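one predicted model, sequence on top.
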Amino acid sequence: NAKEKGKNNFQFFSDDMAFIASRKIALENELRRAIAKEEFILHYQPQIQAATGDIIGMEALIRWQTPAGKTISPGEFIPLAEETRLILPMGEWVLSTACKQAKLWHDSGYSQLKLAVNLSPLQFLDDELMSMIRQTLEKTGFPASSLELEITEGVAVDDAEKAISRMQKLRRLGVRIAIDDFGTGYSSLNYLKRFPLNHLKIAQPFVQDMASNPYDRALVEAMIFIAHSLDMSVVAEGVETEEQLALLKKLGCDEIQGYYYSRPLTADKFTHLLANGLHSVRSI
Ligand code: C2E
Ligand code: MG
Ligand code: MG
Ligand code: MG
């Protein structure tokens with residue numbers, strides 16, 4: 001009967017939950033171990049000036065390389081790292097490693113490159129953030145003016161005033177701020193006006209559908225217009241095709257990031273790219 005069935009369902013459901021919970025604990029322990037053993041690496045994806053085709057910077061993107069040789073993408077562990085606050089030591093490692101590497105590139109003749117680093121909402125709102133960034137810049141010698149921090153609209157969900165004051169502090173430190181994945185969260189135009197932002201990154205879904213869907217194209221055009229009206233420059237991410245690139249250029253998008261130019265690369269491959277040009281990594 002139904003009651004019996006419901007009971008069975010519940011049984012099944014709770015086993016499932018126990019399984020998920022134990023997997024989560026196992027993964028959390030794995031994460032802790034991976035942090036201690038430094039099993040993370042950064043890849044760097046070039047950002048290209050739309051008008052000139054020049055490489056003007058790179059975004060650092062974390063990957064987890066397990067001892068078994070598997071590469072795990074951030075989508076699979078960043079949410080748990082956030083939930084367990086392990087994102088804090090991990091994020092410190094990311095910033096320090098990326099600044100050290102970018103400083104090497106600056107010193108080898110590419111001093112115009114800017115470095116973009118992602119901050120999760122927990123990191124962004126952490127009380128130690130300002131001193132962590134200050135110390136990292138000092139320790140690595142990387143200039144604040146070349147650092148860009150990418151945050152998402154999620155940072156303002158709980159306390160918009162705190163988020164705004166945090167952004168202002170970061171700007172006073174001399175770093176730039178980009179709003180990532182724009183258009184996918186609870187975008188309030190009122191916040192957008194009040195956030196001291198330098199860059200707006202249009203989220204991938206809009207870019208990927210703009211060539212086939214006139215509504216996406218209209219939204220991309222509107223986002224570029226709004227960003228420029230508020231003195232922000234626009235980065236399109238997830239650009240994969242010539243057609244998307246041509247449209248974005250036509251609409252006045254400032255910077256391009258995506259597989260069309262290059263996938264995220266290891267530091268060694270990025271060094272090779274700087275010396276040999278984009279054609280050396282195109283279509284890999
Ligand atoms: P994101 O910051 O929006 O980064 C862009 C993502 O899009 C990256 O995925 C990148 O590899 C991917 N991508 C770039 N171009 C293309 C393209 O043309 N086509 C497609 N399909 N994808 C493209 P990834 O590296 O897997 O990172 C996913 C997300 O994980 C990032 O999204 C970011 O939110 C987060 N993340 C990555 N590294 C870090 C980190 O060091 N700290 C924190 N807090 N979050 C990170
Ligand atoms: Mg990003
Ligand atoms: Mg993004
Ligand atoms: Mg993101």
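Alright, I've got the coordinates. Ligands and ions are numbered 1, 2, ... in the order given.

just the strands in the stretch 1-150 of the chain please.
40-49, 55-65, 71-72, 114-118, 147-151 (DSSP state E, counting those that start in this stretch).

show me the helices in this protein, by range?
Using DSSP state H, the helices of the chain run over 2-37, 78-83, 87-107, 121-125, 129-140, 160-173, 189-194, 204-209, 214-229, 242-250, 267-276.

rounded mean pLDDT for the longest one, please.
Confidence for helix 2-37, expressed as mean pLDDT, is 72.

show me which residues of the protein sit near ligand 1.
When proximity is defined as CB under 6 Å from any ligand atom, the chain approaches ligand 1 at 45, 61-62, 73-75, 78, 91, 94, 118-120, 150, 180-181, 237-240, 257-259, 264. Heads up, the C-betas are built off the backbone N, CA and C, glycines and all.

drop anything exposed from these.
The neighbour count (16 or more other CB atoms under 10 Å) marks 45, 61-62, 74, 78, 91, 94, 118-120, 150, 180-181, 237-239, 257-258, 264 as buried among the residues of the chain next to ligand 1.

pull the number of nearby residues for Ser145.
Using other CB atoms under 10 Å, Ser145 has 11 neighbouring residues.

which residue is the nearest non-sequential neighbour of it?
Closest residue in space to Ser145, ignoring its immediate chain neighbours: Gly174 at 5.2 Å, by CB to CB, 6 or more residues apart in numbering.

ok, now Phe142?
Using CB to CB, 6+ apart and skipping residues adjacent in sequence, the residue nearest Phe142 is Cys99, 4.0 Å away.

quick check: the residue of the stretch 1-150 of the chain nearest ligand 4.
Ranking the residues of the stretch 1-150 of the chain by distance to ligand 4 (CB to the ion) places Asn118 first, at 6.2 Å.

check contacts around that residue.
Contacts here follow CB atoms under 8 Å, 6 or more residues apart in numbering; on that basis Asn118 touches 59-61, 94, 149-150, 180.

also Leu119?
Counting by CB under 8 Å, 6+ apart, Leu119 makes contact with 91, 129, 149-151.

6 Å instead, please
Each residue near Leu119 by CB atoms under 6 Å, 6 or more residues apart in numbering is listed here: 149, 151.

partner residues bridging the residue positioned nearest the centre of the chain?
The structure's the chain has its C-alpha centroid closest to Asn118; by CA atoms, centre = their mean the separation is 4.1 Å. On the basis of DSSP bridges, Asn118 is bridged to Glu150.

ok, it to Gln45 distance?
Applying CB to CB, to the nearest Å, the value for Asn118 to Gln45 is 11 Å.

just Leu61 next, same as before
6 Å.

any residues in contact with both of these two?
Pro264.

show me which residues of the stretch 51-200 of the chain are close to ligand 2?
Residues of the stretch 51-200 of the chain lying near ligand 2 by CB under 5 Å from the ion: 118, 150, 180.

picking up where we left off before, Gly53: which of the helices of the chain is closest?
Closest to Gly53 of these, according to CB to CB: helix 242-250, at 10.0 Å.

which parts of the closest one are buried?
Neighbour-count burial for helix 242-250 flags 244-245, 247-248 (criterion: 16+ other CB under 10 Å).

mind giving me the packing neighbours of that helix?
Packed against helix 242-250, as judged by 3 or more CB pairs under 6 Å, 6 or more residues apart in numbering; DSSP states H and E, are no other helices or strands.

what do you get if the cut-off is 8 Å, keeping everything else the same?
helix 204-209, helix 214-229 (3 or more CB pairs under 8 Å, 6 or more residues apart in numbering; DSSP states H and E).

stretch 208-215 near ligand 3 at all?
No. Shown here: stretch 208-215 not in contact with ligand 3 (CB under 5 Å from the ion), separated by at least 12.1 Å.
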